[in-house]
Structures are given as structure tokens and as C-alpha cells.
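Student: Sharing a model prediction with you, sequence too.
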Amino acid sequence: MRGLLVGRMQPVHQGHLQVIKSILKEVDEVIIGVGSAQLSHTLKDPFTAGERVMMLTKSLSENGIPASRYYIIPVQDIECNSVWVSHIKMLTPPFERVYTGNPLVQRLFIEEDYQVTSPPLYYRDKLSGTEVRKRMLSNGNWEELVPSSVAKVIKEIDGLERLSHLSQKEVSELE
């Protein structure tokens, strides 16, 4: 059996890793859809799809998850919810089960007769992309929230400097 998980992963953190491990206890393979693949270089979505794929690949390898158990597919947003499931099906291998906590995504897949499961959330108050990015901007301990391989990728791409730069106000906004 193959399952589908879609998330922005901005950036990949320990919560994502725990959810993927949990899903792999139920299915043979997981398709990881890197959502909003067209977005990058903003405070909410600072990393490119390629950078997030790199974070996922390295963190799954670091945690001993064989590449034969997952597919990583960048998924761009489309502005028409009624065809979003068809869009996903076009981009991915076939799957039987969908894992998501997003009510809209749940509804769209339920209406297409998919088995939908809410994955367990791990320390959601602390393990969220929002919290990781907030700590990155405030020089907090963000590295404890991400796999070590993800921290290396963020450093390699100068992600801290990118976020810091993006957080600056334009001169016209300061007047």
C-alpha cells in the first residue's frame, strides 16, 4: 500500500520526520508532496522546492529510511480546489491512503473516495515551521527542532541570512 502526505515543509523539522516514520508503519511506501512548490524567498515560505527536497532526502537518509520507501514530489498550488485531487494524481504514483490534518485537503480527498487519516502531531506547539522560522529570526535555538542534516542544508544555502534579509523593511516602509 502507498500513502500520500502533502506539506509545505518550510523547513523540514522533527515533527515532519516523526509523521513520516509513523506513516511508514502503516504503508509500504509514502509519497511526500512538497506543497506550494512555486513559493520561496518570503518570510512564510523562505526555501525553494529544491531546497526542501534536499532537506527531506538528507533527513530521511540520516534516519535510516531507505529511498525505496518514499517518493518526493514538488506540488505547485493551483487556484481551483475542485480539480486539485486530479492535479495531485497527475503528479504522483498511484496511492490508496491520504494523510493530512488540513480540513480542506481532507474534504477534497474524501469526495474522491480516498481513505483519509489525520496523522498524529508531535509537540505541535514547538515543532512547527512557524516556530523554527521564528527562532531563526530571533537567534533562538532552532537547530534542536530540525534534523541535523536539515540544519546543514540551511547553513549551506545561507538560509539564516536569507530570512534575516527578507525580514528587513523597505526604506519606504520605515518612513
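Tutor: Sure thing, it's come through. Just so it is clear, the model here is predicted, and its values are computed rather than measured.
Student: can you pull out the strands in the protein?
Tutor: 2-7, 29-34, 70-74, 97-99, 115-117 (DSSP state E).
Student: For those strands, give me TSV that also has mean pLDDT and mean neighbour count.
Tutor: (Each C-beta comes from the backbone N, C-alpha and C, glycine too.) Shown next, in TSV, are the strands of the chain (pLDDT from 0 to 100; neighbours: other C-beta atoms under 10 Å):
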stretch	mean pLDDT	mean neighbour count
strand 2-7	95	23
strand 29-34	97	24
strand 70-74	98	19
strand 97-99	96	23
strand 115-117	95	15
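Student: got those as CSV, with distance to residue 44 columns?
Tutor: Below are these laid out as CSV (distance: least, C-beta to C-beta, whole Å):
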stretch, distance to residue 44
strand 2-7, 14
strand 29-34, 15
strand 70-74, 17
strand 97-99, 23
strand 115-117, 25
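Student: Quick one: closest of those strands to residue 50.
Tutor: Ranking the strands of the chain by proximity to residue 50 (C-beta to C-beta) places strand 70-74 first, at 7.8 Å.
Student: Work out the gap between that closest one and the centre of the chain.
Tutor: Put simply, strand 70-74 sits 11 Å off its chain's centre (C-alpha atoms, centre = their mean, to the nearest Å).
Student: what is the orientation angle of that strand with strand 2-7?
Tutor: Interaxial angle, strand 70-74 versus strand 2-7 (axes from the mean of the first three to the mean of the last three C-alpha atoms, to 10 degrees): 40 degrees.
Student: helices or strands next to strand 70-74 in the packing?
Tutor: Counting contacts by 3 or more C-beta pairs under 8 Å, 6 or more residues apart in numbering; DSSP states H and E, strand 70-74 packs against strand 29-34, helix 49-62.
Student: Most tightly packed of those?
Tutor: The highest mean neighbour count among the helices and strands packed on strand 70-74, using mean count of other C-beta atoms under 10 Å, belongs to strand 29-34: a mean of 24.
Student: Direction included, what does that one pair up with?
Tutor: strand 2-7 (parallel), strand 70-74 (parallel) (DSSP bridges).
Student: could I get those as JSON lines with distance to residue 32?
Tutor: JSON lines is the format used below for those (distance: least, C-beta to C-beta, whole Å):
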{"stretch": "strand 2-7", "distance to residue 32": "5"}
{"stretch": "strand 70-74", "distance to residue 32": "5"}
